[in-house]
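Chemist: no sequence on this one, just coordinates:
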């Protein structure tokens, strides 16, 4: 070993939808190591690990180097399952009938994130040996973070269930659903039961009702994250909580209309409508609200209308949570084991894509004025370079196309040499080599497509500012 091993994690305190950069330094050249992520929060205990090999300088960068394998925990249970058509327009589930006292076993299988996966250590975490089957990572107290222990171990080893293996280095990551300044307020108004989360600072915020599925109770983690992203989010319980009905069959749509009206009456909530976000049974309710309630802003006015967006994710299974949530392929629904399905890599791709599209959809429909203003600010900031305002190329084009000579007066072309010099100054030597290699191979045209997409984006933003 070359010296003291350093494990560098940035940011060490982050919201769960923010990628974390993990690097190891101080290893010997080409040294094999195992990186482990472990989260212990009673009663949950989950972990993951992956094998890496240091580069010639004795470093590992998880976001740049491929994992060489590891261990994916799967259930070793022999059971018969049957398909059950469930929740029309929302999902199909497969129900697994198994005894309640079954626990997980470990099987050697290909690592779920072989290859480059910056957040693989997080989203591939699975229940540790001895944990009950169907355990799904939850966060009952969102005012505290998940504490994820990241450690480095010598060689390529199996660390599942091992608490005493020597560590070359370790650190702890605070993984938050609730950002600093977010306010949490329990709600017990009339029939309404839940928790309201408000973003930091004064003002009115777009409102969202957030609902989970057939386990009932109150789940706060996603509503806390929505508030961290600028929404007044009501985590809404609708059965099996407090004095609400114990059975999911004893609910009616009037309850959700009352919750909508209550949310809109709050002084911190921006009207005239609210959004509804649901998973599993909550997804079915959100669809019903979109069809029947006028105050649900993303309303489908009649069956057969096309004023909605449908996203389809093959291989993602039934449960799609916010980004990097550990994949749970089997759920314990009060003793009935349900196969949620899904391939881990497909699930995390669906998490990332859907979450940010959901946030954009809600902002676009609930807070259009602020969204347009933000686009204008972003566009104008692009016209300021090193503190100096440059001419608006799209404003110049309104009078007609310019000649090459006229265009170069305002916007001199960026040469490959300039790009290479910038990349070297930024320490991006590998990108500089790739750039110049493409130039020598006659692939300069490959950069034109990205440039045109950038120009089209600028055009759309400038037109928005002109409105």
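Modeler: In hand now; what should we look at? As the structure is a computational prediction, the values presented were derived from the model and not from experiment.

Chemist: What residues of the helix ranked longest in the chain count as buried?
Modeler: Taking DSSP state H as the criterion, the chain has its longest helix at helix 344-366. Using 16 or more other C-beta atoms under 10 Å as the test for burial, helix 344-366 gives 344-352, 354-355, 358-359, 361-363, 366. For every residue, glycine as well, the C-beta is placed using N, CA and C.

Chemist: for that helix, packing partners?
Modeler: Other elements packing on helix 344-366 under the criterion 3 or more C-beta pairs under 8 Å, 6 or more residues apart in numbering; DSSP states H and E are helix 120-123, strand 205-211, strand 269-278, helix 368-382.

Chemist: quick one: which of those has the weakest pLDDT on average?
Modeler: The minimum mean pLDDT among these belongs to helix 368-382 (a mean of 64).

Chemist: Can you pull out the low-pLDDT segments for the stretch 151-300 of the chain?
Modeler: Across the stretch 151-300 of the chain, residues meeting the criterion (pLDDT under 70) sit at 294-300.

Chemist: Helices of that one, residue ranges please.
Modeler: For the stretch 151-300 of the chain, applying DSSP state H, counting those that start in this stretch gives helices covering 221-228, 253-265, 281-292.

Chemist: Can I get the ones you listed in a markdown table including mean neighbour count and distance to residue 186?
Modeler: A markdown table is the format used below for these (neighbours: other C-beta atoms under 10 Å; distance: least, C-beta to C-beta, whole Å):
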| stretch | mean neighbour count | distance to residue 186 |
| --- | --- | --- |
| helix 221-228 | 27 | 12 |
| helix 253-265 | 17 | 13 |
| helix 281-292 | 20 | 19 |
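
Chemist: for those helices, which one sits closest to residue 273?
Modeler: Closest approach to residue 273 among these (C-beta to C-beta): helix 253-265, 7.8 Å.

Chemist: Okay, angle between the closest one and strand 205-211 too, please.
Modeler: Orientation of helix 253-265 against strand 205-211 (axes from the mean of the first three to the mean of the last three C-alpha atoms, to 10 degrees) gives an angle of 150 degrees.

Chemist: Let me see the residues that make contact with helix 253-265.
Modeler: The contact list for helix 253-265, computed with C-beta atoms under 8 Å, 6 or more residues apart in numbering, reads 187, 189-192, 194, 196, 207, 209, 232, 234, 236, 238, 269, 271-274, 276, 285, 288-289, 292-293, 295-296.

Chemist: Ends of stretch 154-162, what's the gap?
Modeler: Its start and end residues considered, stretch 154-162 measures 14 Å (C-alpha to C-alpha, to the nearest Å).

Chemist: For it, which outside residues touch it?
Modeler: Contacts with stretch 154-162, where a contact means C-beta under 8 Å, 6+ apart, come from 32-34, 36, 47, 49, 51, 68-69, 71, 73, 106, 128-130, 153, 165-166, 168.

Chemist: Sitting in strands, which of those residues do you find?
Modeler: If you go by DSSP state E, the contacts of stretch 154-162 have 32, 33, 34, 36, 47, 49, 51, 153 in strands.

Chemist: out of these, which one sits closest to residue 246?
Modeler: residue 47 (34.9 Å).

Chemist: Contact partners for the residue nearest to residue 179 when sequence neighbours are not counted?
Modeler: Excluding its sequence neighbours, the residue lying closest to residue 179 (C-beta to C-beta, 6 or more residues apart in numbering) is residue 228, at 3.7 Å. Counting by C-beta under 8 Å, 6+ apart, residue 228 touches 15, 176, 177, 178, 179, 182, 199.

Chemist: what kind of secondary structure is the residue nearest to residue 347 when sequence neighbours are not counted in?
Modeler: Spatial nearest neighbour of residue 347, excluding adjacent residues (C-beta to C-beta, 6+ apart): residue 327 at 4.6 Å. Recorded secondary structure, residue 327: coil (DSSP: H, G, I helix; E, B strand; the rest coil).

Chemist: Burial check on residue 327, number of neighbours?
Modeler: 26 (other C-beta atoms under 10 Å).

Chemist: If I follow the layout properly, it ends up in contact with residue 342?
Modeler: Yes. Contact criterion C-beta atoms under 8 Å: residue 327 and residue 342 qualify, at 6.3 Å.

Chemist: Can you pull the residues that touch both of the two?
Modeler: Counting by C-beta under 8 Å, 6+ apart, the shared contacts of residue 327 and residue 342 are residue 317.

Chemist: What distance do you get for residue 169 to residue 175?
Modeler: Going from residue 169 to residue 175 by C-beta to C-beta, to the nearest Å gives 19 Å.

Chemist: for residue 157, same thing?
Modeler: Applying C-beta to C-beta to residue 157 and residue 175 gives a distance of 25 Å.

Chemist: the more surrounded of the two?
Modeler: residue 175 (20 against 17).

Chemist: mind listing what the more buried one touches?
Modeler: Residues near residue 175 by C-beta under 8 Å, 6+ apart: 14, 16, 39, 122, 145, 146, 147, 148.

Chemist: In space, what's closest to it - neighbours in sequence excluded?
Modeler: Nearest in space to residue 175, with sequence neighbours left out and distances taken as C-beta to C-beta, 6+ apart, is residue 146 at 4.0 Å.

Chemist: Tell me the pLDDT of that neighbour.
Modeler: pLDDT, residue 146: 94.

Chemist: quick one, what contacts it?
Modeler: If you count contacts by C-beta under 8 Å, 6+ apart, residue 146 has them with 16, 39, 41, 139, 174, 175, 176.

Chemist: Out of those residues, which is nearest to residue 309?
Modeler: Using C-beta to C-beta, residue 16 is the member of those that lies nearest residue 309, at 24.1 Å.

Chemist: The closest one contacts residue 177, doesn't it?
Modeler: Yes. Using C-beta under 8 Å, residue 16 is in contact with residue 177, at 5.9 Å.

Chemist: pretty sure residue 247 contacts residue 214?
Modeler: No. Residue 247 is beyond contact range of residue 214, at 10.4 Å (criterion: C-beta under 8 Å).

Chemist: Who has more neighbours out of the two?
Modeler: Ranked by neighbour count (other C-beta under 10 Å), residue 247 and residue 214 place residue 214 first, with 18 against 9.

Chemist: pretty sure that one contacts residue 248?
Modeler: Yes. The pair residue 214 and residue 248 passes the contact test of C-beta under 8 Å, sitting 5.7 Å apart.

Chemist: Give me the common contacts of these two.
Modeler: Residues touching both residue 214 and residue 248 (C-beta under 8 Å, 6+ apart): residue 281.

Chemist: Give me the nearest residue to residue 319, chain neighbours excluded.
Modeler: Going by C-beta to C-beta, 6+ apart, residue 319 has residue 340 as its nearest residue, at 4.8 Å.

Chemist: what's the average pLDDT for the longest helix of the chain?
Modeler: Helix 344-366 comes out at a mean pLDDT of 88.

Chemist: and the angle from it to strand 269-278?
Modeler: Orientation of helix 344-366 against strand 269-278 (the same axes, to 10 degrees) gives an angle of 150 degrees.
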